[in-house]
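J.: quick check, what structure comes out for this input:
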Amino acid sequence: MSPIAHPGPGERRTVSTPDGALVVAHDHPAPSGSPQGPTLVLAHGWCGTHEVWDPVVVDLQERRPDLRVITYDQPGHGQSSPGRDRDVSLLDLGVAMREVVAELVPEGEIVLAGHSMGGMTVMAFGDVAPDLVRERVRGVALVGTAAHLPGRRGIPGEVAVMSLLAKAPASFPGLPTTARLTAANLFGDDPDPEAVRATMRQTSRTRANVVADWYRAIMGLDLREALAPFAEVRTVVLTGRRDRLTPVSAGRRLAALIPGATFWTVPGVGHMITYEASRLVADKIELLLDAEPASQRA
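T.: Modelled structure (predicted):
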């Protein structure tokens, strides 16, 4: 299989959040040097980094040389520091996205996309910045995510492991895993070994207390009321048919909560859809880039 494509490093920016997190963002300028249309802002999931979006960024900027893209590491993930308070909530992620947008894209239209916890970030953004969604967001892609997970059983041993990690010191390394477990839990049919290794590296480097804190936040997931601002925004929802963390049923329920949202399932694909079906994800984001401008919505 071909190596994972990575964009150039872009311009590194640091954004402060109200709770003291320092969020590291990467500004990928339009290859043409003349950005046109909305700016694309991408949020990654739990235990990941901005790198999960790399294949999609490369694909989209090859198709659209005028496209500017912003990626960033969520608080406590990758190169970003956590906030002061360990009692985190998903709304904190919405606030972090709001600050990234305010600092890096203060004007013009935007398209938002989030994978897994990143999708929850986009939904939380709707709660903390509803007017901005209505006035500036042209489209939204919610990828491998959910607004709520009633009756979720989880992976065997999940709760016990998270309880142990929550007690670990801040310097303790991240979630222990292997390539075999990563492929079995996060990928679908015939995963690319390089994508599995990339995911495993990101997961294992996320510090234990960060893993546990955001796990606790996700377990209280219920963002259904945060979806109201997206009612008139072009929205696509994608779920891998083999996704064990946010299953097809969760994606279908999410799409049903947003009037006019379009829902796709991707055969043979697991949770890491940005790696497993990056071209398809790029296809759906292109629909949003070409959607009706927010300024023209009734």
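J.: and the closest residue to residue 198 other than its chain neighbours, what pLDDT?
T.: Closest residue to residue 198 apart from its sequence neighbours, by Cβ to Cβ, 6 or more residues apart in numbering: residue 4 at 6.1 Å. (C-beta placed from N, C-alpha, C; glycine too.) Residue 4 is assigned a predicted lDDT (pLDDT) of 91.
J.: kindly report the same for residue 151.
T.: pLDDT, residue 151: 68.
J.: quick one: contacts for the residue nearest to residue 198?
T.: 54-55, 192, 194-195, 198, 275 (Cβ atoms under 8 Å, 6 or more residues apart in numbering).
J.: hmm, which of these are the buried ones?
T.: 54-55, 192, 195, 198, 275 (16 or more other Cβ atoms under 10 Å).
J.: can you list these in a markdown table and add pLDDT?
T.: Below are these laid out as a markdown table (pLDDT from 0 to 100):
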| residue | pLDDT |
| --- | --- |
| 54 | 97 |
| 55 | 97 |
| 192 | 96 |
| 195 | 97 |
| 198 | 96 |
| 275 | 98 |
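J.: which stretches of the stretch 101-250 of the chain form strands?
T.: Under the criterion DSSP state E, counting those that start in this stretch, strands of the stretch 101-250 of the chain are mapped to 110-115, 137-143, 234-240.
J.: which elements pack onto the shortest one?
T.: Pointing back at strand 110-115 there. On a contact count with 3 or more Cβ pairs under 8 Å, 6 or more residues apart in numbering; DSSP states H and E, strand 110-115 meets strand 39-43, helix 117-128, strand 137-143, helix 278-289.
J.: nearest to residue 18 among those would be which one?
T.: helix 117-128 (10.5 Å; Cβ to Cβ).
J.: flag every buried residue along that closest one.
T.: In helix 117-128, counting by 16+ other Cβ under 10 Å, buried: 117-128.
J.: what's the closest of the residues you listed to residue 111?
T.: Using Cβ to Cβ, the buried residues of helix 117-128 come closest to residue 111 at residue 122, 10.3 Å.
J.: can you tell me which of the contacts of residue 4 end up in helices?
T.: 54-55, 194-195, 198, 275 (DSSP state H).
J.: including mean neighbour count, could the strands of the stretch 101-250 of the chain go into TSV?
T.: Below are these laid out as TSV (neighbours: other Cβ atoms under 10 Å):
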stretch	mean neighbour count
strand 110-115	28
strand 137-143	28
strand 234-240	26
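J.: and the helices in the chain, which stretches?
T.: 54-63, 90-104, 117-128, 130-136, 158-166, 179-186, 193-205, 208-219, 248-256, 273-276, 278-289.
J.: least reliable of those going by mean pLDDT?
T.: The bottom spot among the helices of the chain, by mean pLDDT, belongs to helix 158-166, with a mean of 70.
J.: list the contacts of the residue lying closest to residue 187 once chain neighbours are set aside.
T.: Residue nearest to residue 187 in three dimensions, not counting chain neighbours: residue 270, with 4.3 Å by Cβ to Cβ, 6+ apart. Under the criterion of Cβ under 8 Å, 6+ apart, the neighbours of residue 270 are 186-188, 191, 240, 242-244, 276.
J.: returning to that earlier point: could you tell me the phi and psi values at the residue nearest to residue 198?
T.: Dihedral pair for residue 4: phi -70, psi 130, per degrees, to the nearest 10.
J.: same list (the strands of the stretch 101-250 of the chain) but as CSV, adding distance to residue 207.
T.: Formatted as CSV, the strands of the stretch 101-250 of the chain follow (distance: least, Cβ to Cβ, whole Å):
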stretch, distance to residue 207
strand 110-115, 20
strand 137-143, 25
strand 234-240, 27
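J.: just put the ones you listed in JSON lines and tack on mean pLDDT.
T.: Formatted as JSON lines, the strands of the stretch 101-250 of the chain follow (pLDDT from 0 to 100):
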{"stretch": "strand 110-115", "mean pLDDT": "98"}
{"stretch": "strand 137-143", "mean pLDDT": "98"}
{"stretch": "strand 234-240", "mean pLDDT": "98"}
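J.: out of the helices and strands packed on strand 110-115, the one nearest residue 77 is which?
T.: Using Cβ to Cβ, the helices and strands packed on strand 110-115 put helix 117-128 closest to residue 77, at 9.2 Å.
J.: near residue 87, how many other residues are there?
T.: 9 (other Cβ atoms under 10 Å).
J.: how much space separates it from residue 217?
T.: Distance of residue 87 to residue 217, given as Cβ to Cβ, to the nearest Å: 9 Å.
J.: what's the answer for residue 230, then?
T.: Applying Cβ to Cβ to residue 230 and residue 217 gives a distance of 21 Å.
J.: thanks again, I'm all set now.
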